[in-house]
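Student: Could you look at this predicted model? Sequence included:
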Amino acid sequence: MQMHDRLNEYYIDLETGKIVCNEELPDDYNLSEDDLLSEDVSIDYESDRYLWIPFFESSKAYRFMEDFIYELENEEARKKIVYAIQGKKPFRRFKDALQAFPDIEKQWYGFEEKRMKEYIVEWLHEYDIAIESS
């Protein structure tokens with residue numbers, strides 16, 4: 001899922017399995033010179049070869065944080081982190097609050113990675129795309 005780069009779009013090349021950026025499309029993708037000069041260069045979403053990868057919305061990332069906080073057993077940490085995500089810049093404040101609890105911060109990164117993998121696998125499954133286990 002695209003988390004931070006809103007300037008480019010990313011696609012799965014269903015023939016190769018690779019992730020490509022709209023700037024890295026092969027020359028044979030049939031974009032005309034006019035397309036290349038326009039500001040709205042995009043892939044034909046009806047194409048059978050490329051599948052657009054949607055942006056990972058901040059509301060989902062926020063939900064991951066809430067779920068993590070809900071599972072915390074350390075009451076002091078839970079209170080401080082709940083307070084941190086209220087108001088402006090909840091993501092920055094969440095990470096700042098985690099720094100006071102190094103063990104919990106480490107747990108967060110493991111939790112986030114696991115949840116993101118689950119989310120991606122579920123999304124791929126919606127398109128009948130299997131992934132190889134490593």
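Tutor: Nice, thanks for sending it over.

Student: drop to CA atoms for contacts and neighbour counts, all remaining ones
Tutor: Noted.

Student: After the helix or strand of the chain with the lowest mean pLDDT, which helix or strand is next? Please name it.
Tutor: Lowest by mean pLDDT, DSSP states H and E among the helices and strands of the chain is helix 33-37, with a mean of 43. Per DSSP states H and E, helix 33-37 leads on to strand 50-53 as the next helix or strand towards the C-terminus.

Student: which helices and strands does that following strand pack with?
Tutor: Judged by 3 or more Cα pairs under 8 Å, 6 or more residues apart in numbering; DSSP states H and E, strand 50-53 is in contact with strand 10-13.

Student: quick one: buried residues of the strand it packs on?
Tutor: By neighbour count on 16 or more other Cα atoms under 10 Å, the buried set for strand 10-13 is 10, 11, 12, 13.

Student: Would you mark the buried spots in whichever helix or strand comes after that strand?
Tutor: Once strand 10-13 ends, the next helix or strand along the chain (criterion: DSSP H and E) is strand 19-21. By 16+ other Cα under 10 Å, the buried positions in strand 19-21 come out as 19, 20.

Student: Nearest to residue 92, out of the buried residues of strand 10-13: which one, please.
Tutor: Nearest to residue 92 among the buried residues of strand 10-13: residue 10, at 25.4 Å, using Cα to Cα.

Student: check contacts around that closest one.
Tutor: 2, 19, 20, 21, 22, 52, 53, 54 (Cα atoms under 8 Å, 6 or more residues apart in numbering).

Student: Next, work out how far apart the second one and residue 9 are.
Tutor: When you say that, I think you mean residue 19. Per Cα to Cα, to the nearest Å, residue 19 is found 10 Å from residue 9.

Student: And the helices in this structure?
Tutor: Using DSSP state H, the helices of the chain run over 33-37, 58-71, 75-84, 90-98, 102-126.

Student: Pick out the shakiest of these, pLDDT-wise.
Tutor: Ranked by mean pLDDT, the helices of the chain bottom out at helix 33-37, with a mean of 43.
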